[in-house]
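>>> This is a predicted model, with the sequence first.
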Amino acid sequence: MAAFNIGMFEDKFGYIVTSVAVLIALALWSARKPSLARYPLLGSEYGGAEKRGQAFLAHATELFQRGYEEFKTSIYRLTTPDGDHLIVPNCHLDELRRRPDDELDVQEAFEKTFENKHVHLFPAKDKSTIVNNVVKSDLTRNLTRINPRFSVVVAQTVAEEMPPCSDGTWTPVVLSSVLLRIIAIVSGNIFLGPELCHEEEYMYCAIMFTMDLVAASAALKKWPSFLRSVAASYLVPQVARVRDHRRRMKEFIKPVVEKRLKIIRSGDEEKRPDDLFQWMMEKAAAAGITDAGDLTDMLLLLLLAAIHTTSLAVTNIFYDLVIRPDVVEELKAEIKSVLADSGGIMTTQALNDMKLVDSVMRESQRLNPPFIDAFRRYTLKPITLQNGDYIPEGSYIETANTAILNDPELYPNPDTFDPHRFSNLRNNPDLPDPLGFKSRELYQFVSVTKENMSFGFGRHACPGRFFAANEIKMIMAQILLQYDIKMPDRETERYQSVGSGVVKAPDPTKEIMFRRVR
Ligand code: HEM
């Protein structure tokens, strides 16, 4: 009995000690936890955090639009499946863009987007930084040299990958999947060289890795965060497929790495391949990174950033064009006239001169940006803005890209697809400029401004956009000059986009009719 009483006392004592410890830990934890509650919450009508997170997946566009109208110059909160994010208005972006990487982190933000904890997309920062730098410096610097031969590769690949569509008959084509192959091959030509880009193992991983990774992260977001590890292990098959793509890509790339390391060590310039993977390996080797697994992860990150993004953009452009035959005729006339001036060669000058093509690309992207939000970042330190607003350390912030792109004060008649919207502003300095830019060249497809963040914003804005712009122009020119296009007989409206959360993409199942130009 006595023992029993002592035990009871000990249990009670233990219980009190444990409770106090838990309370102290909770107090400390909540003191550390970023307090976002000072900012108004949008979407509270959906219920608790879990329900609001799921509502975000279904209604992100509407939520961002409402937020843009209600909180034009102030920060508000939106609950995503990953918790509360702060949505920052446009007026703070110039200030935030100047913040260094040790305050505002891009990788951590994208790691959350892609459920990196489970899919392991991102290599460590020293490695992903090499990928970003190689695209920003080596690739962009080489574009003028590469363009003429790149356009030959594009012409050959379009001819090989498009169905024949000959004999004057119209052929239905699921354009999205054809474009994916074309873009994987032509990008691969520059990234890995003319032989490897045709290997089916490369093609399979280049296309399927991103598809399964995006599908895996979308499926995981439907689970409450505490169950995502279990879901990733047993319930979301795409996670295992992503792992398998990485394993296959590593097997494919390992002998390439071994061969190229020998060339790097020998210093033999003659044998040095002239492609992005080589430039990346050289930068990596200089930093002591030579492991085939690390280089595979870096290559997969590049492919994820480059291939589907470009393919979605081109698909959207063709969905916009196929219902506008008059615009197609104008584009053909511009392309023919520019090529006549450049002796038929796609020089950098020729690409720059395609101002209507460029304008159509930007207008298509304005109405169909790759993400509803932009400037997704994570705060590594607390930030106090000039107006006194305080953003705690450990917050996810972003801004409302789609809502900005549809603001009638920035883009008059925003719902109208105006193919000349940007070319008119660039060609005609007397036209009033709604955005009052210093230079009208800021209306080019590649220009990043806080009124158009489809390529991101600030120091981490997409470094591949110059390459993408050239690639898109070359593909458009080839397809438009070689084929007539029209909608299938029963279809009249522009194809609707599909998506979940902040991602909106052209419907990949839709057909366009093609016929070879006679
Ligand atoms: C139309 C096609 C493309 C679109 C719409 C696009 C869009 C984007 C966006 C929105 C970001 C995030 C920027 C930010 O948060 O500020 C980004 C980053 C990036 N993109 Fe692109 N991209 C495209 C094509 C490419 C291509 C072709 C490449 C490579 C050749 C590429 C390489 C990258 C890299 C390396 C980053 C990370 C930059 C960093 O974190 O510093 N992208 N892209």
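The structure has been received and is ready for your questions.

>>> For stretch 397-411, buried residues please.
For stretch 397-411, burial by neighbour count (16 or more other Cβ atoms under 10 Å) applies to 397-407, 410-411. Just so you know, the C-beta spots here come from the backbone N, C-alpha and C atoms, and that holds for glycine as well.

>>> make that stretch 149-156, sorry
For stretch 149-156, a neighbour-count test (16+ other Cβ under 10 Å) marks 150, 151, 153, 154, 155 as buried.

>>> cool, and stretch 328-345?
Across stretch 328-345, burial judged by 16+ other Cβ under 10 Å covers 328, 331, 334, 335, 338, 339.

>>> can you give me the end-to-end distance of stretch 317-325?
One end of stretch 317-325 to the other measures 13 Å (Cα to Cα, to the nearest Å).

>>> From the chain's centroid, how far away is that stretch?
22 Å (Cα atoms, centre = their mean, to the nearest Å).

>>> and what of stretch 140-148?
Distance, centroid of stretch 140-148 to centroid of chain: 23 Å (Cα atoms, centre = their mean).

>>> Would you mind checking the average pLDDT for it?
Mean pLDDT, computed over stretch 140-148, is 96.

>>> how about it, does it get close to the ligand?
No: counting by Cβ under 6 Å from any ligand atom, the ligand has no neighbours in stretch 140-148; the shortest distance is 8.9 Å.

>>> hang on, the earlier thing: residue 96: which of the buried residues of stretch 397-411 is nearest?
If you rank those by distance to residue 96 using Cβ to Cβ, residue 397 comes first, at 7.7 Å.

>>> Among the buried residues of stretch 149-156, name the ones in strands.
Among the buried residues of stretch 149-156, no residue falls in strands (DSSP state E).

>>> Just give the nearest non-adjacent residue to the residue in the stretch 1-150 of the chain that the ligand sits nearest to, would you?
Closest contact between the stretch 1-150 of the chain and the ligand, by Cβ to the nearest ligand atom, is at residue 132 (3.9 Å). Spatial nearest neighbour of residue 132, chain neighbours left out: residue 463 (5.9 Å); criterion: Cβ to Cβ, 6 or more residues apart in numbering.

>>> I'd like the distance between the closest residue in space to residue 90 that isn't next to it in sequence and residue 461.
Using Cβ to Cβ, 6+ apart and skipping the chain neighbours, the partner closest in space to residue 90 is residue 450 (5.5 Å). Applying Cβ to Cβ, to the nearest Å, the value for residue 450 to residue 461 is 11 Å.

>>> Same question for residue 364.
Distance of residue 364 to residue 461, computed by Cβ to Cβ: 19 Å.

>>> who's more crowded, the two?
Under the criterion of other Cβ atoms under 10 Å, the comparison of residue 364 against residue 461 puts residue 364 first, with 24 against 19.

>>> The more buried one touches residue 314, doesn't it?
No: using Cβ atoms under 8 Å, residue 364 is not in contact with residue 314, being 9.2 Å away.

>>> hmm, back to that, helix, strand or coil for the residue nearest to residue 132?
coil (DSSP: H, G, I helix; E, B strand; the rest coil).

>>> which residues touch it?
132, 135, 136, 139, 140 (Cβ atoms under 8 Å, 6 or more residues apart in numbering).

>>> now, which of those sits nearest residue 378?
Closest to residue 378, out of all of the contacts of residue 463 and judged by Cβ to Cβ, is residue 132, at 16.6 Å.

>>> Next, the contact list for residue 88, please.
75, 96, 375, 397, 398, 399.

>>> contacts for stretch 489-496?
For stretch 489-496, using Cβ under 8 Å, 6+ apart, the contacting residues are 319, 320, 323, 506, 507, 510.

>>> And for stretch 53-73?
Contacts of stretch 53-73 (Cβ under 8 Å, 6+ apart): 40, 42-43, 46, 76, 78-83, 87, 89, 91, 221-222, 372-373, 400, 402-404, 406-407, 500-502, 504.

>>> where does the stretch 201-350 of the chain come near the ligand, residue by residue?
305, 306, 309, 310, 313.

>>> picking up where we left off before, mind checking which of the contacts of stretch 53-73 are buried?
Taking 16+ other Cβ under 10 Å as the criterion, what is buried in the contacts of stretch 53-73 is 42-43, 46, 76, 78-83, 87, 89, 221, 372-373, 400, 402-404, 406-407, 500-502, 504.
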